[in-house]
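Student: no sequence for this one, just the structure:
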């Protein structure tokens, strides 16, 4: 597992990336992340998630796109926001928070699935964010670097629960 904090100076947008090889197929792992309604079971601090509506893909985009509402909670803070979730079957899921959300200036979470063998897959989770609220930005600074590691562990736990220990 690799944790690489990167700070994009021009955007002042922290970024974290984790990679881990898991004993599940590419299709199995993709299926977990493609199921927006189950996010609360494996995304840290996610308290609710639901698909609002399908969205037509933009020119040149592949896969299926949906708008989803996500609820998050941490240390007494409760917020919800809308994300655009692009699902490219078996290869990736990209969730981008709407620019209309009061919670984030930007939030992009990308799950990429690379087959290592028929039953083993490397999952890469890339998290880039900037909070709109200075209080949230300050509070998050102390713990957000740990969130990507928590995401990988929670994702691995969810795969074990859905598909069994391997």
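Tutor: Looks like it arrived, so ask away. Just so you know, these numbers come straight off a predicted model, no measurement behind them.
Student: can you list contacts of stretch 57-74?
Tutor: Contact partners of stretch 57-74, identified using CB atoms under 8 Å, 6 or more residues apart in numbering, comprise 36, 39, 45-56, 78-89, 95, 103, 139. Using the backbone N, CA and C atoms, a C-beta is placed for each residue, glycine as well.
Student: try 7 Å this time
Tutor: Under the contact criterion CB atoms under 7 Å, 6 or more residues apart in numbering, stretch 57-74 has outside partners 36, 39, 45-55, 79-89.
Student: geometric centre of the protein: which residue is closest?
Tutor: With the centre of the chain defined as its mean C-alpha position, the nearest residue by CA atoms, centre = their mean is residue 109, 4.0 Å away.
Student: how about that one, nearest residue that isn't a chain neighbour?
Tutor: Nearest residue to residue 109 in three dimensions, chain neighbours excluded: residue 95, at 4.7 Å (CB to CB, 6 or more residues apart in numbering).
Student: next, count neighbours for that neighbour.
Tutor: The number of residues packed around residue 95, counting by other CB atoms under 10 Å, is 22.
Student: same check on residue 131?
Tutor: Using other CB under 10 Å, residue 131 is surrounded by 19 other residues.
Student: what about it, distance to residue 97?
Tutor: When distances are taken as CB to CB, to the nearest Å, residue 131 and residue 97 turn out to be 11 Å apart.
Student: what's the lengthiest strand in the chain packed up against?
Tutor: When secondary structure is assigned using DSSP state E, the longest strand within the chain turns out to be strand 104-117. Here strand 104-117 is seen to pack against helix 26-34, strand 92-97, strand 120-131 when contacts are counted using 3 or more CB pairs under 7 Å, 6 or more residues apart in numbering; DSSP states H and E.
Student: how about the longest helix along the chain: buried residues?
Tutor: Taking DSSP state H as the criterion, the chain has its longest helix at helix 144-163. Within helix 144-163, the residues that count as buried by 16 or more other CB atoms under 10 Å are 144, 147-149, 151-152, 154-156, 158-159, 162-163.
Student: of all these, the one with the weakest confidence?
Tutor: When the buried residues of helix 144-163 are compared on pLDDT, residue 144 comes out least confident, at 65.
Student: returning to what we had before: joint contacts of residue 131 and residue 97?
Tutor: What both residue 131 and residue 97 touch, as defined by CB under 7 Å, 6+ apart, is the set residue 104.
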